[in-house]
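Novice: The following block contains a protein sequence and its predicted model.
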2 protein chains.
Amino acid sequence: MTANDAPRPWTMQQIAEAAGVSATTVSHAISGKRPVGAETARRIRRLIDEHGYVPDAAGRRLRTGRSRMLGLAIPDLAAWFFARIAKGVEEVADARDHGLIVCSTAGSDPRREQRCFELVRTRAIDGLVYTAGRRPADLGGLRRIAEVAPLVLADEVIDGLDGVPAIASDNETGAAEAARHLRALGHERVVVLAGVPGLRSTIDRTAGARAVFPHALVLAGDFEQESGARLTGDLLESGTPFTAILAQNDLMAIGAIRRLAEAGLRVPEDVSVVGFDDIGLASFVEPGLTTVRQDVVEMGRRAASVALDAIEGAGSAAPPAALLPVELVVRGSTGRARERP
Amino acid sequence: MTANDAPRPWTMQQIAEAAGVSATTVSHAISGKRPVGAETARRIRRLIDEHGYVPDAAGRRLRTGRSRMLGLAIPDLAAWFFARIAKGVEEVADARDHGLIVCSTAGSDPRREQRCFELVRTRAIDGLVYTAGRRPADLGGLRRIAEVAPLVLADEVIDGLDGVPAIASDNETGAAEAARHLRALGHERVVVLAGVPGLRSTIDRTAGARAVFPHALVLAGDFEQESGARLTGDLLESGTPFTAILAQNDLMAIGAIRRLAEAGLRVPEDVSVVGFDDIGLASFVEPGLTTVRQDVVEMGRRAASVALDAIEGAGSAAPPAALLPVELVVRGSTGRARERP
DNA sequence: CTGTTAGCGCTTTCAG
DNA sequence: CTGAAAGCGCTAACAG
């Protein structure tokens, strides 16, 4: 199938001629925006079905100014977390009759971020759901986008973007709940394995932990399994006493558990470990990972919903960007603290 | 951010006026398709940068007939396997300066499939990468799409689509290799947990297994963990003797292992289990899952590559849709067969 | 209930 | 090296 042998699809004009009416009438027969004679409508309908005619998207967009496409900027389509956001966004976009254009901001190349922004400026998309994986490289660019088209942040709230709606989980409460769970088990010496520095999720989860353990040691990681392992290794070498680890996501928690096992420490008998997210893996590792579950797909859905509301002009009043509730899921990786750390 | 307060972006005409030239010249200054005076070009360039001007996608598409968008039809964005295909496709599309429009065919609703096809007919996309999750609901529709735009199948080969390139793993060889591995361990009574009936991957993996164990019992599943567990349960209840399970993907293998454990059977001492895919989970379960690894991201890359070649008209000679090699990864879930089954 | 006209923003002849 | 003009396919005013 080479590109040039493609027969051109029928145009609205051609349908109109075949039906013996003007393109205007065909247009209205399709949109229903003004009455069309029953018999005429029938004739048009028949021709449309027969040829599988669908109005050309570019022509439509040029005229109406709307592409009926929603954009999604996301760090990594293959990551458990981001893939679920994408799923939620796709679901709602489709339900509300919009297509989804996905743009990856993978890695640290700022040019990829620019490509996402370009989708707005070329008017390929009517709005953008933006999920940050690191601190946004180009805050000014993001701000300019928000002036031109509906922008919604998903998962990560970004400071300095006033009036930009953000959909996120209640990270602080979740982390605090996890911390209280540990305290109830008698833990005093808790170490926090934090996520990417500067991200609001990291900041909020740290705040939640600190609300319960004000003097907890906080080590900066990056939400990857490897960093959980590395930080735990450092911790063990340092000789710092601790009985529990509060990891800011499940991958880091799993990395920590692996490193602890290598050091001959048992979970939860010697050290309790808590994660965050409740990824599929969490219930598969041995022991099952106690974690804070967030509804990631729902986050995607909400974000898309807010974006589409704005696109459709419904949102004069900015929606109350409420935080999504999270839920502590207790499994086997947490237990009573040892008496003597 | 309501939709109506958006200031319209500059048009090429406006850039032209500001530069004191015609739109034609601006167009050529951007595309480089004909020489532009050095000084003029500089002036234009400056204005473009200053305003962050990017040519409107719909205007361009209407004129050139190309949207510079690639479509991807996929069953579930959040599934490990499909998410990786999406990642590969996105990577290549981006590298070759195309956007990616994702369209989910989730569930069995045939209308969603139609929406994917519509992307072609509205000319929103220049080509489509299609990944089937079940037997395609509308083969005729797919065939018609192939006549109109470059179509490439990824992962699942579909019969009856002559001349449509397909990128897939070498399922038969992989399954045969897994089977030989079991035979080398002394297994004779092997049960195959097959995937979705009718899919070529299922058929080919079954053929690979049968090449080594011609009389193996084959039970039809659906590639989901639950079906692996259910089929294994049935198997145990039936009293059929067996020493090894050849699951056609890792999720089913994991379901099987769980069910075996519930029945008090040890893996691999009592029963050996092999999967297919090498999903992340495979190395996390206990024992580690012996499986056939496929390079799913690469599959996505290749599919996108072939589609873009066709779009750009390079592909007069259809590419040799070679099968991607797979690799047996031996972990702890396989061992020597018990003497007396 | 229907048609005519104009023009969205761009690229591409064709003409200098 | 540059411009004028045409037109891609559609919809929305403005007539009837």
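Specialist: Yes, it's here.
Novice: Report the contact partners of the closest residue to DNA strand D within the stretch 151-300 of chain A.
Specialist: DNA strand D sits closest to residue A:151 of the stretch 151-300 of chain A, with a gap of 24.2 Å, by C-beta to the nearest atom of the strand. Where C-beta positions appear, they are placed from N, C-alpha and C, glycine not excepted. Contact partners of residue A:151, counting by C-beta atoms under 8 Å, 6 or more residues apart in numbering or on different chains, are A:127, A:128, A:130, A:142, A:145, A:161, A:164, A:307, B:1.
Novice: try residue A:286
Specialist: For residue A:286, counting by C-beta under 8 Å, 6+ apart, the contacting residues are A:332, B:286.
Novice: Can you classify it as helix, strand or coil?
Specialist: coil (DSSP: H, G, I helix; E, B strand; the rest coil).
Novice: And the strands in chain A?
Specialist: Ranges of strands in chain A, per DSSP state E, are A:69-74, A:99-104, A:127-130, A:151-154, A:166-167, A:190-194, A:217-220, A:244-247, A:272-274, A:291-293, A:327-329.
Novice: Quickly run through the sheet partners of the first one, with directions.
Specialist: Strand A:69-74 sits in its sheet next to strand A:99-104 (parallel), strand A:127-130 (parallel), going by DSSP bridges.
Novice: Among those, single out whichever gets nearest to residue B:40.
Specialist: Closest approach to residue B:40 among the strands paired with strand A:69-74 (C-beta to C-beta): strand A:99-104, 32.9 Å.
Novice: chain center to that closest one, what's the gap?
Specialist: 12 Å (C-alpha atoms, centre = their mean, to the nearest Å).
Novice: next one: stretch A:291-306
Specialist: Taking mean C-alpha positions (C-alpha atoms, centre = their mean), stretch A:291-306 and its chain are 7 Å apart.
Novice: List the buried residues in that stretch.
Specialist: Buried residues in stretch A:291-306, counted by 16 or more other C-beta atoms under 10 Å in any protein chain shown: A:291-306.
Novice: go on, stretch A:259-271?
Specialist: Neighbour-count burial for stretch A:259-271 [16+ other C-beta under 10 Å]: A:259, A:260, A:267, A:268, A:271.
Novice: where's the fourth one relative to chain B, distance?
Specialist: According to C-beta to the nearest C-beta, to the nearest Å, residue A:268 stands 17 Å off from chain B.
Novice: surely residue A:208 meets residue A:182?
Specialist: No. Shown here, residue A:208 and residue A:182 do not form a contact pair, counting by C-beta atoms under 8 Å, at 12.0 Å.
Novice: coming back round to it: between the contacts of residue A:151, which sits nearest DNA strand D?
Specialist: Nearest to DNA strand D among the contacts of residue A:151 is residue A:127, at 18.4 Å by C-beta to the nearest atom of the strand.
Novice: wouldn't that closest one be in contact with residue A:308 here?
Specialist: Yes. Contact between residue A:127 and residue A:308 holds when scored by C-beta under 8 Å: they sit 7.0 Å apart.
Novice: hey, what's in contact with both of the two?
Specialist: Contacts common to residue A:127 and residue A:308, judged by C-beta under 8 Å, 6+ apart, are residue A:70.
Novice: From the buried residues of stretch A:291-306, pick the one nearest residue A:81.
Specialist: residue A:296 (6.0 Å).
Novice: could you list every residue that touches the nearest residue to the closest one once chain neighbours are set aside?
Specialist: Of all residues not flanking residue A:296 in the chain, residue A:84 sits nearest, at 4.0 Å (C-beta to C-beta, 6 or more residues apart in numbering or on different chains). By C-beta under 8 Å, 6+ apart, the contact set of residue A:84 is A:296, A:297, A:300, B:78.
Novice: before we move on, the earlier item: any chance of the buried residues of stretch A:259-271 in TSV with distance to residue B:35 as columns?
Specialist: Formatted as TSV, those follow (distance: C-beta to C-beta, whole Å):
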residue	distance to residue B:35
A:259	62
A:260	67
A:267	69
A:268	73
A:271	70
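Novice: how about the residues you listed, which pair is most distant?
Specialist: A:259 and A:268 (15.1 Å).
Novice: Please identify the nearest residue in space to the residue nearest to the spatial centre of chain A, excluding sequence neighbours.
Specialist: Central residue of chain A (C-alpha atoms, centre = their mean): residue A:85, 3.7 Å from the mean position. Excluding its sequence neighbours, the residue lying closest to residue A:85 (C-beta to C-beta, 6+ apart) is residue A:300, at 4.0 Å.
Novice: In contact with the one you found, which residues?
Specialist: Going by C-beta under 8 Å, 6+ apart, residue A:300 touches A:84, A:85, A:86, A:87, A:88, A:89, A:90, A:91, A:92, A:129, A:154.
Novice: if you set the cut-off to 6 Å instead, what comes out?
Specialist: A:85, A:88, A:89 (C-beta atoms under 6 Å, 6 or more residues apart in numbering or on different chains).
Novice: Which one of these is nearest to residue A:28?
Specialist: Using C-beta to C-beta, residue A:89 is the member of the contacts of residue A:300 that lies nearest residue A:28, at 32.2 Å.
Novice: ok, that closest one to residue A:164 distance?
Specialist: From residue A:89 across to residue A:164, the span is 16 Å (C-beta to C-beta, to the nearest Å).
Novice: For those two, indicate the residue with more neighbours.
Specialist: Neighbours per residue, other C-beta atoms under 10 Å in any protein chain shown: of residue A:89 and residue A:164, the larger number sits with residue A:89, 33 against 20.
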